[in-house]
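Engineer: no sequence on this one, just coordinates:
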């Protein structure tokens with residue numbers, strides 16, 4: 001798999017929202033029990049219990065989203081950690097889950113893609129529209145995943161659904177773009193964006209049947225599709241406004 005490094009087309013403005021989203025994800029991770037930085041959660045089994053409870057409290061549990069009711073912790077968690085010591089409104093977890101990560105590599109992998117494609121999409125959409133669309137892509141990914149697996153009680157966490165939406169928008173808004181990418185073991189190439197992200201999307205489809213993986217490929221597909229659809233509508237609306245402006249001159 002090629003690892004994107006940076007967009008070869010420079011942005012016209014400073015991508016403050018992209019930087020802000022990266023910073024928020026990093027700070028949130030450092031403050032959770034999944035991070036070694038947050039020593040106040042204890043050590044060993046105590047920390048593992050805190051991490052499990054935190055994930056269920058702030059992660060998006062599909063059955064909670066489809067029923068609207070908080071679900072009890074699984075028996076393997078309660079057997080080791082005791083019953084849940086929290087109350088949640090399930091719909092809020094659709095937002096909070098977007099900013100949680102299970103570990104440093106999970107976080108780093110997501111933020112690399114956000115850094116590369118986020119700048120280009122923010123440059124074309126503008127800051128506020130980019131921020132709102134990012135959150136919307138994440139919600140589509142989370143609820144799409146819940147709709148596909150309505151009885152699942154495994155929490156969904158991570159920014160990848162929202163970032164997948166940004167990737168889909170990037171393909172449409174910058175179809176001729178090239179992304180400087182690292183291809184193991186030592187090759188660095190300028191790959192067309194449709195090759196890099198198209199290959200990524202195909203991998204998500206091919207991995208749907210992988211029951212052993214903990215990756216929510218379905219959420220990625222929903223997010224990416226939402227990004228493509230939104231960008232197509234945004235591009236068409238832009239053309240309509242330009243034609244209307246020319247007709248008035």
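Structural biologist: Right, received. Where do you want to start? What you see is a predicted model, and the numbers here were worked out from it, not measured in a lab. Residues are numbered from 1 along each chain as shown.
Engineer: Need the three-state assignment for residue 145.
Structural biologist: helix (DSSP: H, G, I helix; E, B strand; the rest coil).
Engineer: Check what pLDDT it gets.
Structural biologist: Note for residue 145: predicted pLDDT of 95.
Engineer: Roughly how far does it sit from residue 51?
Structural biologist: 21 Å (CB to CB, to the nearest Å). Any C-beta I mention is one placed from the backbone N, CA and C, and that applies to glycine too.
Engineer: Same drill for these two, tell me which one is more crowded.
Structural biologist: A side-by-side neighbour count of residue 145 and residue 51, using other CB atoms under 10 Å, places residue 145 first with 24 against 18.
Engineer: Helices of the protein, residue ranges please.
Structural biologist: Counting by DSSP state H, the chain has these helices, from start to end: 16-30, 44-58, 62-67, 75-81, 90-96, 104-125, 127-148, 160-173, 193-206, 217-248.
Engineer: Identify whichever of these lies nearest to residue 38.
Structural biologist: helix 16-30 (6.6 Å; CB to CB).
Engineer: So which residues make contact with that closest one?
Structural biologist: 35, 37-38, 99-101, 104, 107, 110-111, 114-115, 118-119, 122, 127, 130-131, 134, 159 (CB atoms under 8 Å, 6 or more residues apart in numbering).
Engineer: Low-confidence bits of this structure, can you list those?
Structural biologist: Low-confidence segments of the chain (pLDDT under 70): 1-2, 6, 10, 186, 238-249.
Engineer: Sort out which residues of stretch 41-51 are buried, please.
Structural biologist: The neighbour-count check on stretch 41-51 (16 or more other CB atoms under 10 Å) flags 41, 47-51 as buried.
Engineer: cool, stretch 190-201 as well?
Structural biologist: Quick answer for stretch 190-201 (16+ other CB under 10 Å): 191, 193-194, 196-197, 200-201.
Engineer: swap in stretch 147-161?
Structural biologist: For stretch 147-161, using 16+ other CB under 10 Å, the buried residues are 149, 152, 155-161.
Engineer: for stretch 69-77, same thing?
Structural biologist: Here stretch 69-77 shows 70-71, 73, 77 as buried, counting by 16+ other CB under 10 Å.
Engineer: now, which of these sits nearest residue 218?
Structural biologist: Where these are concerned, and distances follow CB to CB, residue 218 has its nearest neighbour in residue 71, at 19.5 Å.
Engineer: The closest residue to residue 226 other than its chain neighbours: how many residues sit nearby?
Structural biologist: The shortest distance from residue 226 to any non-neighbouring residue, by CB to CB, 6 or more residues apart in numbering, is to residue 140 (4.1 Å). If you count neighbours by other CB under 10 Å, residue 140 ends up with 24.
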